[in-house]
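Peer 1: What shape does this take:
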Amino acid sequence: MTLPWINRPPRLPERQAALLLVGLLAGALLFRGENFLERLFIDLRFFIAASLKVQDTESDQIALIMMDRASEDSLGVPQGTQWRQFHPALIEMLNEAGASVIVFDAEFVTVEKELDPALAREVAKAGNVLAGADTPAPEATAVTLRSAFKGIGDLHITPIGGKPRYIAIDASQGTTFPPLAFLAAQEHEKRARAGAEPALLLPRGSRFWINFSEKLAYFPSFSYADVLNAENGRIRKVNTPLSIFSKRIVFLGLDYPTSDRFSFPNALSTSHKSPGVYGQAFAADTLLRNRAVLRVSPWIDALAALCFLAALLLILSIKPRSARTSLLVALPIAAFIAAAILLAAQNVWIGYAPLFVSYWVVLILHWINLRISLSASLSRAVGFDPRLIEAFRRESARAGGPLRKEVTILIADVRGYTNFVSRTDPVVVSQVMAEYMEAMERRITGQGGYVNKYVGDEIVAVFGFPLGGDQSARRAVRAAVGMLEELRNLVAGWKEHGLASITHVGIGIDTGPVVFAEVGGRTKTQFDIIGDCINGASRIEHLTKEFRKDLLVSAEVYHVIEDDDSLAGLFVPLRTVTVRGQGERRIFGLL
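Peer 2: Numbering: from 1, shown residues only. The predicted model follows:
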């Protein structure tokens, strides 16, 4: 009869395979770009890329004009439909400056009978003005202006996590408008190619993720009134020539603290919000520069996670602690840098959240496994639960030295062990004793005790400290009775399998004060107990041969359990004996 194989600790390859599998499963939950953690890391990549850009670089294809509060004050008219009286002059001025496309990031829903005809004439004359719509119905745009615009585009940019992320490319049949940024980029390309079919490269699929790896300052931006009041071909307030708009898409959008504002992915702050027209500008820039972000498939994420975890497990196997620690810190940083370089150089978005989660799951599981292994090895080495070692040391430090505690000592010794070993195959001896020791320890720990040491076939167990001191004598007696019951079951099993075996043990129990101390030399220390009741338990155990009893307890132990009929009724008083070194003592034996 052998111990179940499952009780054996897993071999190293088995542990590594288990950690790899669990890590992959944890990461698999995040093989998508829409989860919160992945969005955080992609935004961090955008932020780093934007921060590393040279400050004086700017777009040569897009410029912004902001309809802001300063313009309201300068024009003396609140922003709204009444500004249509100014739009014709601005459109004419921008086209004289050579603007490629003029795009209103706004709707023209309300009809202004006095202002719309003049605006419609200028828009039709210009032939390069686009407007926005926030509804799929063409009738939403004022009837007088509807046919004058070169095109009307959908204003929606799909937000995820409160930030603009992607634009759907494919327009449905019927009344749905194509995206405004797409219309602007398409018209710009067409004009740049003198009316030929645009060479605009569209990302595959029905949508594209916008590339936000530039600062907002990348787009030259001006106040509406400053441009409108330009003199001699220059915007006086910023001393910039109107030629800044030449061959550029010019987006006109609102800049008000309370309307159409977003926190953009290239700024980590969620409290700072910027005008929504920047989203249209980033989207158009992404298309014009063919920089749409390609989110890799979950299979690529899984392959990256597999390679990453393989590297992590290799690092965990390195012996020098300093080298292992340095590499554990460097690995996730290197992985993030590699992901950031892929995004900056190839516009490839590979998932980092699966790597991050897998990394910490594997590290935590590895740490737990080490703690369990260490706990088991320390338990065997020092004689009690290692979780209490630090508590023991703290209490010992407060006491200023060794600790004195009231405990109960149980000593069990196999009868006829020498004869059993001499007549039995060593393999059988090893198997029988392993099963015996495991069963006895299980009964001891089941009653809150611990095995302090094994001395050959002898077991020394302690009840009362450091695993709790309440009713230590009762628990020791219950453990001893259980040990005898366990031995009977084992003997029956060994006999059934035709194995030679041990058949009897002698158990002695005594209680009293002992001293707990950490003893040892320079290279090895252990926790041990010193006290008269240890000698008492040993002497009482030896008396089991004389009294022909499997279990004997001292009178001190019996007095503790005598009010418990379930225990006291199991014992009978025996004669008083002289115990060497302790004088006369009353002994009680198991019936």
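Peer 1: quick one: contacts of stretch 551-561?
Peer 2: 408, 471, 473-474, 476-477, 480-481, 484, 506-512, 536, 540-541, 543-544, 567-568, 571, 573-574, 585-590 (Cβ atoms under 8 Å, 6 or more residues apart in numbering). Where you see a C-beta, it was placed from the backbone N, CA and C, and this is true even at glycine.
Peer 1: Just those: which are in helices?
Peer 2: Among the contacts of stretch 551-561, the subset assigned to helices under DSSP state H consists of 473-474, 476-477, 480-481, 484, 536, 540-541, 543-544, 567-568.
Peer 1: how far away is the residue nearest the centre of the chain from A28?
Peer 2: Nearest to the geometric centre of the chain sits V357, at 4.1 Å (Cα atoms, centre = their mean). V357 is 10 Å from A28, where distance means Cβ to Cβ, to the nearest Å.
Peer 1: Most widely separated two among the ones in helices among the contacts of stretch 551-561?
Peer 2: R474 and L543 (21.7 Å; Cβ to Cβ).
Peer 1: Pull out the buried residues from stretch 507-522.
Peer 2: 507-512, 514, 516-517 (16 or more other Cβ atoms under 10 Å).
Peer 1: For L268, state which of these is nearest.
Peer 2: F516 (54.6 Å).
Peer 1: Now the nearest residue to the closest one once chain neighbours are set aside. Its backbone dihedrals?
Peer 2: Leaving aside its sequence neighbours, F516 sits nearest to L403 (Cβ to Cβ, 6 or more residues apart in numbering; 4.6 Å). When read as degrees, to the nearest 10, the backbone of L403 gives phi -100, psi 140.
Peer 1: How confident was the prediction at L403?
Peer 2: You'll see L403 listed with a pLDDT of 79.
Peer 1: Please apply the same query to the one 3 residues further on.
Peer 2: E406 carries a pLDDT score of 89 in this model.
Peer 1: Let me see the domain layout of this structure.
Peer 2: 9-38+296-376, 61-294, 385-590 (automatic domain parsing).
Peer 1: Nearest to I48 among those domains would be which one?
Peer 2: Across those, I48 has its closest neighbour in domain 9-38+296-376 (6.0 Å, Cβ to Cβ).
Peer 1: centre of the chain versus that closest one, how much separation?
Peer 2: 11 Å (Cα atoms, centre = their mean, to the nearest Å).
Peer 1: In terms of secondary structure, what does the lengthiest strand in the chain contact?
Peer 2: Longest strand in the chain, counting residues (DSSP state E): strand 505-520. In terms of contacts (3 or more Cβ pairs under 8 Å, 6 or more residues apart in numbering; DSSP states H and E), strand 505-520 is packed against helix 389-399, strand 403-414, helix 472-496, strand 525-530, helix 532-547, strand 551-554, helix 555-561.
Peer 1: Work out the gap between the fifth one and the centre of the chain.
Peer 2: It stands for helix 532-547. 56 Å.
Peer 1: which parts of that helix are buried?
Peer 2: In helix 532-547, counting by 16+ other Cβ under 10 Å, buried: 533-544, 547.
Peer 1: where does the stretch 1-150 of the chain have low pLDDT?
Peer 2: Flagging of the stretch 1-150 of the chain using pLDDT under 70 yields the residue ranges 1-14, 31-33, 55-56, 135-139.
Peer 1: Now for the protein, the helix or strand with the poorest mean pLDDT.
Peer 2: helix 389-399 (a mean of 70; mean pLDDT, DSSP states H and E).
Peer 1: can you dump the C-alpha coordinates of that one into CSV?
Peer 2: The C-alpha trace of helix 389-399 is given here as CSV (Å, rounded to 0.1, in the frame of the first residue of the first chain):
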residue,chain,number,x,y,z
ILE,A,389,8.4,31.8,13.5
GLU,A,390,8.4,35.6,13.3
ALA,A,391,5.7,35.9,15.9
PHE,A,392,7.8,33.6,18.2
ARG,A,393,10.9,35.8,17.6
ARG,A,394,9.0,39.0,18.3
GLU,A,395,7.6,37.5,21.6
SER,A,396,11.0,36.2,22.5
ALA,A,397,12.5,39.7,21.9
ARG,A,398,9.9,41.3,24.1
ALA,A,399,10.6,38.7,26.8
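Peer 1: Okay then, goodbye and thanks.
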